[in-house]
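K.L.:
Predicted model, plus sequence, below.
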Amino acid sequence: MKYLTGVFLVCLMLLNSSVVVAGSGGGSSFPVVNGVMGMTPVVTNSCVAIWIPVPEGKALSGIWWYNNDGQVAFPEVMLESGSSDYPVSMSGCRQVAQNVYGNSSDWSEVGFNEPVSCGSQGLYVLFRFPEGSEQEGEGAGGGAAFGFVEGGGHEGWMSADGEYWVKVDQAFGFAVQPVFVDSESGMIHMNGIVAGPEMIGVVESSPDLKTGLQPVSPNPFNPATEIRFTLEKTEQVVVSVFDVRGRKIIDLVDEVYSQGRHSVTWQGRNQDGLRVSSGVYFARLQLVGDSFTRRM
């Protein structure tokens, strides 16, 4: 079955057998896998991001995952730390493995070139899809896809370009099993970007700030998102939301803001307080003589 998620399709396929025999790896039992999921189309930088909470004092040295097509190699596996709210841009990630093959319709393991610990809630493991490898079937020759566990597994996201992410329904968790080792001095330690509540509403002054509109978070969102911007100096600010036809939906603020970092919340409603339909919108920061726009 297929369902539309943004500008691409996430494809779910139930396995012919209702039960996949659990194996053993890394000292833990594997969960039962109910099916596989991939995406179409698969273009440059199409990828998945799987959220792995990392316990205090541990480092992630690799993962087991349920792989669909053993004939397909994932060009890169990458890591970034942060929070479970929303993955960061793929351009800021650290590569930990290249040209990764798995087994067909079976659990597979990838070890990272070195263990990585983190100073945040956990790590995102990103698999970049090989361009053109759409999921077309189950097993060898069926295309790049990951196993999922109904009502369990690890939460994750999919992206057509490594920048804008669509969260996979929590009913279909990724079939992965992290491999941890003890964190030691000298290991790579990633602090990453936290896009959680601790960043909302922060006001920070700095002479090095550049005026601009930052990526909204979360994005995609339901029902609300934070629109963040920075100012080099005190200015009159208008923050508005427009639809894809250029029609103004709402003015969120129209007032003077001081130098620093700021954020405002859009609750997904228009000027009359009515909730807008799901789709693509644009946040616009309007200043005297300048403007900035971000896609949501």
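P.N.:
Right, received. Where do you want to start?
K.L.:
what sits against residue 221?
P.N.:
Listed by C-beta atoms under 8 Å, 6 or more residues apart in numbering, the contact partners of residue 221 are 268, 296. Backbone N, C-alpha and C define where each C-beta goes, glycine included.
K.L.:
in the stretch 1-150 of the chain, what spans have low per-residue confidence?
P.N.:
1-28, 88, 91-92 (pLDDT under 70).
K.L.:
swap the cut-off to 80 and go again
P.N.:
1-28, 82-92, 119-120 (pLDDT under 80).
K.L.:
how much space between the residue nearest the centre of the chain and residue 153?
P.N.:
What sits nearest the mean C-alpha location of the chain, by C-alpha atoms, centre = their mean, is residue 87, with 3.2 Å. Per C-beta to C-beta, to the nearest Å, residue 87 is found 17 Å from residue 153.
K.L.:
ditto for residue 185
P.N.:
The gap separating residue 185 from residue 153 is 33 Å, by C-beta to C-beta.
K.L.:
out of those two, which sits in the more crowded spot?
P.N.:
residue 153 (24 against 5; other C-beta atoms under 10 Å).
K.L.:
My guess is that one contacts residue 174. True?
P.N.:
Yes - judged on C-beta atoms under 8 Å, residue 153 makes contact with residue 174 at a distance of 5.1 Å.
K.L.:
So what are the sheet partners of the longest strand along the chain and their directions?
P.N.:
For the chain, the strand with the greatest residue count under DSSP state E is strand 106-118. Using DSSP bridges, the strands paired with strand 106-118 are strand 58-67 (antiparallel), strand 188-190 (parallel).
K.L.:
So for the shortest one, what gets flagged as buried?
P.N.:
Going back to what we said before, that points to strand 188-190. residue 190 (16 or more other C-beta atoms under 10 Å).
K.L.:
what sits up against the helix or strand following it?
P.N.:
Sequence-wise, the next helix or strand downstream of strand 188-190 (DSSP states H and E) is strand 212-213. With contact meaning C-beta under 8 Å, 6+ apart, strand 212-213 is reached by 227-230, 283-285, 292-294.
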